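Chemist: Let's see this in three dimensions:
(chains A, B, C and D)
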2 protein chains.
Amino acid sequence: MSAPSIRARVRAEMTEEIKAIARRHLATDGANLSLRAVARDMGMVSSALYRYFASRDDLLTALIIDAYNALGTAVEAADAAVKDRANLRGRWLAISHGVRRWALANPAEYALIFGSPVPGYRAPQDTIPAASRTPSALVRILADGVGTGALADAYADELPVPVRADLVRVRDENFPGGPEALLARGTIGWIHLFGAVSFELFGQLNNLIDARQEYFDHQMSAMADLIGL
Amino acid sequence: MSAPSIRARVRAEMTEEIKAIARRHLATDGANLSLRAVARDMGMVSSALYRYFASRDDLLTALIIDAYNALGTAVEAADAAVKDRANLRGRWLAISHGVRRWALANPAEYALIFGSPVPGYRAPQDTIPAASRTPSALVRILADGVGTGALADAYADELPVPVRADLVRVRDENFPGGPEALLARGTIGWIHLFGAVSFELFGQLNNLIDARQEYFDHQMSAMADLIGL
DNA sequence: CACTGTCAAGAGCAGTGCTCTCGAATGTGT
DNA sequence: ACACATTCGAGAGCACTGCTCTTGACAGTG
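Modeler: Numbers count the residues shown, from 1 in each chain, chains lettered A, B, ... in the order given. Below you'll find the predicted structure:
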């Protein structure tokens, strides 16, 4: 058991190689991934793929989890690169640009997780931990700001009762002791971040904005102001 | 020519019926629309459909244009329903909720135009006029505010040079005489509007926010504050 | 009446996801 | 070391897809 049996190892390698090839196909052909084409590139027959993934959806799920994790890693690295941990605004901008940079470098994988959901596909619960890495990084900024008292101005917003109820629940799970009003501002920034990246990536900015990076930075600065960073 | 020849009329009716059935399939099966299934529902054979649409992409393009127009109509109706034309904030909220309402009622069509782009598909220029109806309605709010001087506070923002250049171009085409800084705030609201709707519709709010409408209204109010409405 | 353009149907091609069966290779327990 | 069990890849096959091409029937016009 210590050596996970040669078979298990070669199986893991095969699984990784299938995902790698599938990712390549994803980048060129978009979301309509062809199992047969992947199998062809692997030099085997399509039915053999089913030894590794029970269905095409299973392969997609694996790719989705990998994508969430890759994004999460990029985000955490961008955050960690800001030396002055008290520079909350700098960390927010670093994470924002980190998300955008990853999305531009991996547009197909971004579309996979933030684009329109695949029709029959139902995302399993397995994706949740990987998916929550990015929001967690953002919450950490807020939490640090609460710790130092730097964000105290944002505590007093009035919130509609049902919104407050939702945020209290979210707060208790992810941000114990944090003020809901601050969390409300944070989620607005969070949504705008991905809204802006999606808008750019999905072509909604075509023929409108050319200075993409500067425009993005401008938006994220406005969100930083709104949050109070 | 006055009577467009019975043939042309029945052809137009057929085209509309095909689109209607395709829309129905879109709602249940998502974006991977099957020509054969549509043909089956029409009681004819798949090849016959090619008399009306040169390809599946052509059918999708027609549906996309229809969707943009349907959204545009909904938005314009929502705006027009606000009697007090000087109530800019009310018009902004009316349009926002109009977009969300239309999206929730027609999720597949919304995904078609604002979701991840279909891989091989390249949107033709024909979609542009229909697509710009919603942004135009938003710009009209700003223009009305400029006319009455109600938005003068938002004129003085500093903008990065390339962003200002882009916005000057957009301004000259759609908003003659409007201040770029105001346009900058408006686009932020515009992007956030669709970012919020996409987030909700594409399932990113699952297990997080239950009070969807109140939460949406809260966001749009925050954007109204940001724009200065 | 004849001609021309339009239409639906059918066969067929290359591709898809997926299932099942069948040898062969590999691992494990005795 | 032998026998059993498991795993694997290949192949055939099913039902489906978008799309093309040909064929025969029909309608509108000169």
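Chemist: Could you list the residues in contact with the strand or helix carrying A:Leu112?
Modeler: Following DSSP states H and E, one finds A:Leu112 within helix A:107-114. Here helix A:107-114 makes contact (Cβ atoms under 8 Å, 6 or more residues apart in numbering or on different chains) with A:23, A:26-27, A:30-31, A:60, A:63-64, A:66-68, A:70-71, A:102-103, A:131, A:194, A:197-198, A:201-202, B:116-117, B:202, B:204. Yep, even glycine has a C-beta here, placed from its N, CA and C like the rest.
Chemist: can you pull the alpha-carbon coordinates of that helix into CSV?
Modeler: The C-alpha coordinates for helix A:107-114 follow below in CSV (Å, rounded to 0.1, in the frame of the first residue of the first chain):
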residue,chain,number,x,y,z
PRO,A,107,-10.3,31.8,-21.6
ALA,A,108,-11.9,28.4,-22.3
GLU,A,109,-11.5,27.3,-18.7
TYR,A,110,-12.8,30.6,-17.5
ALA,A,111,-15.8,30.2,-19.7
LEU,A,112,-16.2,26.7,-18.4
ILE,A,113,-16.7,27.8,-14.8
PHE,A,114,-18.2,31.3,-15.3
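Chemist: For chain A, which segments count as helices?
Modeler: Secondary structure of chain A (DSSP state H): helices at A:5-29, A:35-42, A:46-49, A:56-80, A:88-105, A:107-114, A:127-131, A:133-148, A:161-174, A:180-201, A:212-227.
Chemist: next one: the third one to chain centre, how far?
Modeler: Taking Cα atoms, centre = their mean, to the nearest Å, one finds helix A:46-49 lying 30 Å from the centre of the chain it belongs to.
Chemist: Also the fourth one?
Modeler: Distance of helix A:56-80 from its chain centroid, counting by Cα atoms, centre = their mean, is 7 Å.
Chemist: That one near DNA strand D anywhere?
Modeler: No: against DNA strand D, helix A:56-80 shows no contacts by Cβ under 7 Å from any atom of the strand, the least distance being 13.0 Å.
Chemist: Identify each buried residue in that helix, please.
Modeler: Residues A:56-57, A:59-68, A:70-72, A:74-76, A:78-79 are the ones in helix A:56-80 that count as buried (16 or more other Cβ atoms under 10 Å in any protein chain shown).
Chemist: got the residues of chain A near DNA strand D?
Modeler: When proximity is defined by Cβ under 7 Å from any atom of the strand, chain A lies next to DNA strand D at A:Arg7, A:Arg11, A:Met14, A:Gly43, A:Met44, A:Val45, A:Ser46, A:Ser47, A:Ala48, A:Arg51, A:Tyr52.
Chemist: Buried subset of the residues you listed as a PyMOL selection?
Modeler: Buried residues within these, by 16+ other Cβ under 10 Å, are selected in PyMOL with:
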select buried, chain A and resi 14+52
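Chemist: pLDDT added to the residues of chain A next to DNA strand D, as TSV?
Modeler: Below are the residues of chain A next to DNA strand D laid out as TSV (pLDDT from 0 to 100):
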residue	pLDDT
A:Arg7	73
A:Arg11	90
A:Met14	93
A:Gly43	93
A:Met44	93
A:Val45	95
A:Ser46	95
A:Ser47	95
A:Ala48	95
A:Arg51	95
A:Tyr52	96
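Chemist: Show me the two of the residues of chain A next to DNA strand D that sit farthest apart.
Modeler: Using Cβ to Cβ, these span at most 21.9 Å, a distance reached by A:Arg7 and A:Ser46.
Chemist: Of all the helices of chain A, which one comes closest to B:Ser136?
Modeler: Taking Cβ to Cβ, helix A:180-201 is the member of the helices of chain A nearest to B:Ser136, at 17.1 Å.
Chemist: And the closest one, what does it pack against?
Modeler: With contacts defined as 3 or more Cβ pairs under 8 Å, 6 or more residues apart in numbering or on different chains; DSSP states H and E, the packing partners of helix A:180-201 are helix A:88-105, helix A:107-114, helix A:133-148, helix A:161-174, helix A:212-227, helix B:180-201, helix B:212-227.
Chemist: any chance of these in a markdown table, plus mean pLDDT and mean neighbour count?
Modeler: Formatted as a markdown table, the helices and strands packed on helix A:180-201 follow (pLDDT from 0 to 100; neighbours: other Cβ atoms under 10 Å in any protein chain shown):
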| stretch | mean pLDDT | mean neighbour count |
| --- | --- | --- |
| helix A:88-105 | 98 | 20 |
| helix A:107-114 | 94 | 22 |
| helix A:133-148 | 94 | 19 |
| helix A:161-174 | 91 | 17 |
| helix A:212-227 | 96 | 20 |
| helix B:180-201 | 96 | 23 |
| helix B:212-227 | 96 | 20 |
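Chemist: Would you reformat those as TSV and include distance to B:Asp144?
Modeler: Formatted as TSV, the helices and strands packed on helix A:180-201 follow (distance: least, Cβ to Cβ, whole Å):
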stretch	distance to B:Asp144
helix A:88-105	32
helix A:107-114	34
helix A:133-148	36
helix A:161-174	29
helix A:212-227	23
helix B:180-201	12
helix B:212-227	13
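Chemist: who wins for proximity to DNA strand C among these?
Modeler: helix A:107-114 (14.8 Å; Cβ to the nearest atom of the strand).
Chemist: okay, the closest residue in space to A:Asp153 that isn't next to it in sequence: pLDDT?
Modeler: The shortest distance from A:Asp153 to any residue other than its chain neighbours is 5.3 Å, reached at A:Gly228 (Cβ to Cβ, 6 or more residues apart in numbering or on different chains). pLDDT for A:Gly228: 93.
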